[in-house]
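K.L.:
Sequence and predicted model, in that order:
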Amino acid sequence: MTEVFLLLPEWRRCVASPCVAKGTLSRWSAQGDHGPDVDSGEYEAIRPLIQWPGPSMPVAALTRQRDAGDAAGSSWLRADPAHVRADMATARMLAHGQLGLSQTDCESIARDLKPLFGDAGYEFDAKLPDRWYVRASPDARLPAAVPPDEALGDDLKLHLPEGADGRQWRQLFNESQIILHNHPVNARRARIGVVSVNSLWFWGGGRLPAWVRSDLQLVISDRAQLQALADLASVERIPLASGIEQVLNDAGGEKGSILIDLFEARGEQLEDQAFAVLDSLLRRGRIGRIQLLFASGERIQIRAGHRFRFWRRMRELA
């Protein structure tokens, strides 16, 4: 019987939407089995399902392998395009990734940033509009930094690389901002009222894992790092856009363990396109068990028979 694992955002992000707080998750929370909380973090949530060496996920190397197939033999760092705005006390990132850059824009910006990184001993690459990379030697000491979503809206000084090892990267951060501030691409974007690409965000550093293992039979995800992990573990993967119900119906109840990546889903996408669909499949016997893995550490298990726990009353989640 199929067992489904749902990789979910932090609890607070899920229940911030009224349709989620009052919907299927409310009933699951009341009637399901709550396990002990575990360490918070997106990657800690999937470690029991997918294993790789090292204490963290080398996102840059994984996504580079997915994008270009050339990640082996080097260390990689994401240097994603971002929009930063200064206020009286600090600077805050207000947008990142998908900023509407064309291929020509990327090539123009890369042409001016490459000398800066080349002088520092690195190779800068901006072939994709939302994922930019820095290639380094295999033994390079890359900065530890949070994903851009975690720094979004916050004081950037709290998240920049620290100490002597981080000095070079703070310098590259500042000097790249100077180049981008005066760049013709941003002058054109200003004329048409589009936010500037005035900063880079360094994160996800590391090398491609020597091995990846998993007992999963299927990974459903739109994100490049999970797709790359599935490829390295020889696990079948399909995009989330294929539709959860269609995929599970096609599996015929014999797919074993499935990971569904809903880490970036919010609101109606969670309730209507995931929770309600999976609840229906559970009731119809197409799924044997659903395990909720929240990035904030909460764990809930739901089985079809849990719906008969009528004494456990639903209430709006907080």
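P.N.:
Good, I have the coordinates. Being a predicted model, the structure only gives us computed values, none of them experimental.
K.L.:
buried ones in the strand or helix carrying residue 279?
P.N.:
Secondary-structure element containing residue 279, defined by DSSP states H and E: helix 276-283. Along helix 276-283, these residues count as buried under the neighbour rule (16 or more other CB atoms under 10 Å): 276, 277, 278, 279, 281, 282. Placement of C-beta: from N, CA and C, glycine included.
K.L.:
same check, this time on stretch 288-306
P.N.:
Neighbour-count burial for stretch 288-306, counted by 16+ other CB under 10 Å, picks out 289-300, 302, 304, 306.
K.L.:
picking that back up, what mean pLDDT does the helix holding residue 279 have?
P.N.:
Per-residue pLDDT values over helix 276-283 give a mean of 92.
K.L.:
The helix or strand just after that helix pairs with which strands?
P.N.:
Next helix or strand after helix 276-283 toward the C-terminus (DSSP H and E): strand 289-294. Each strand paired with strand 289-294, and its direction, by DSSP bridges: strand 3-8 (parallel), strand 299-303 (antiparallel).
K.L.:
Off-centre distance for the following helix or strand past the first one?
P.N.:
Meaning strand 3-8. Sequence-wise, the next helix or strand downstream of strand 3-8 (DSSP H and E) is helix 11-15. For helix 11-15, the gap between its own C-alpha mean and the chain's C-alpha mean amounts to 16 Å (CA atoms, centre = their mean, to the nearest Å).
K.L.:
how distant is the helix or strand following helix 11-15 from the center of its chain?
P.N.:
Downstream of helix 11-15, the first helix or strand assigned by DSSP H and E is helix 18-21. Helix 18-21 has its C-alpha centroid displaced from the chain centroid by 22 Å (CA atoms, centre = their mean).
K.L.:
If we go by neighbour counts, what in helix 18-21 is buried?
P.N.:
19, 20, 21.
K.L.:
quick one, what contacts the first one?
P.N.:
With contacts taken as CB atoms under 8 Å, 6 or more residues apart in numbering, residue 19 has the following neighbours: 267, 268, 271, 272.
K.L.:
Could I have the ChimeraX command that selects the buried members from those residues?
P.N.:
In ChimeraX syntax, the buried subset of the contacts of residue 19 is picked out as below (16+ other CB under 10 Å):
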select :271
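K.L.:
coming back round to it: columns distance to residue 207 on top of the buried residues of helix 276-283, output as JSON lines?
P.N.:
As requested, the buried residues of helix 276-283 are arranged in JSON lines below (distance: CB to CB, whole Å):
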{"residue": "276", "distance to residue 207": "41"}
{"residue": "277", "distance to residue 207": "38"}
{"residue": "278", "distance to residue 207": "36"}
{"residue": "279", "distance to residue 207": "41"}
{"residue": "281", "distance to residue 207": "39"}
{"residue": "282", "distance to residue 207": "40"}
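K.L.:
How much space separates residue 31 from residue 302?
P.N.:
7 Å (CB to CB, to the nearest Å).
K.L.:
returning to that earlier point: out of the buried residues of helix 18-21, the closest to residue 233 would be?
P.N.:
Using CB to CB, residue 20 is the member of the buried residues of helix 18-21 that lies nearest residue 233, at 30.6 Å.
K.L.:
sorry, back to before: need the strands paired with strand 289-294 in JSON lines (columns: mean pLDDT and distance to residue 105).
P.N.:
Shown next, in JSON lines, are these (pLDDT from 0 to 100; distance: least, CB to CB, whole Å):
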{"stretch": "strand 3-8", "mean pLDDT": "96", "distance to residue 105": "32"}
{"stretch": "strand 299-303", "mean pLDDT": "94", "distance to residue 105": "43"}
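K.L.:
Nearest to residue 249, out of the ones you listed?
P.N.:
Using CB to CB, the nearest of the strands paired with strand 289-294 to residue 249 is strand 3-8, at 13.1 Å.
K.L.:
okay, the angle between that closest one and helix 276-283?
P.N.:
Here strand 3-8 runs at an angle of 160 degrees relative to helix 276-283 (axes from the mean of the first three to the mean of the last three CA atoms, to 10 degrees).
K.L.:
next one: strand 3-8 to chain centre, how far?
P.N.:
15 Å.
K.L.:
contact partners of the longest helix along the chain?
P.N.:
Longest among the helix segments of the chain by residue count, using DSSP state H, is helix 163-181. Helix 163-181 has contacts (CB under 8 Å, 6+ apart) with 84, 109, 112-113, 116-117, 120, 141, 143, 160-161, 186, 196-200, 202.
K.L.:
Out of the buried residues of stretch 288-306, which is nearest to residue 259?
P.N.:
For the buried residues of stretch 288-306, the nearest to residue 259 is residue 293 (8.8 Å; CB to CB).
K.L.:
For residue 307, see how far away residue 197 is.
P.N.:
In terms of CB to CB, residue 197 sits 49 Å off from residue 307.
K.L.:
quick one, which of these two is more surrounded?
P.N.:
residue 197 (26 against 15; other CB atoms under 10 Å).
K.L.:
Reduced to three states, what does that one come out as?
P.N.:
coil (DSSP: H, G, I helix; E, B strand; the rest coil).
K.L.:
if I pick it, what's in contact with it?
P.N.:
Counted by CB under 8 Å, 6+ apart, residue 197 has contacts 81, 82, 83, 99, 101, 105, 109, 180, 183, 185, 186, 189.
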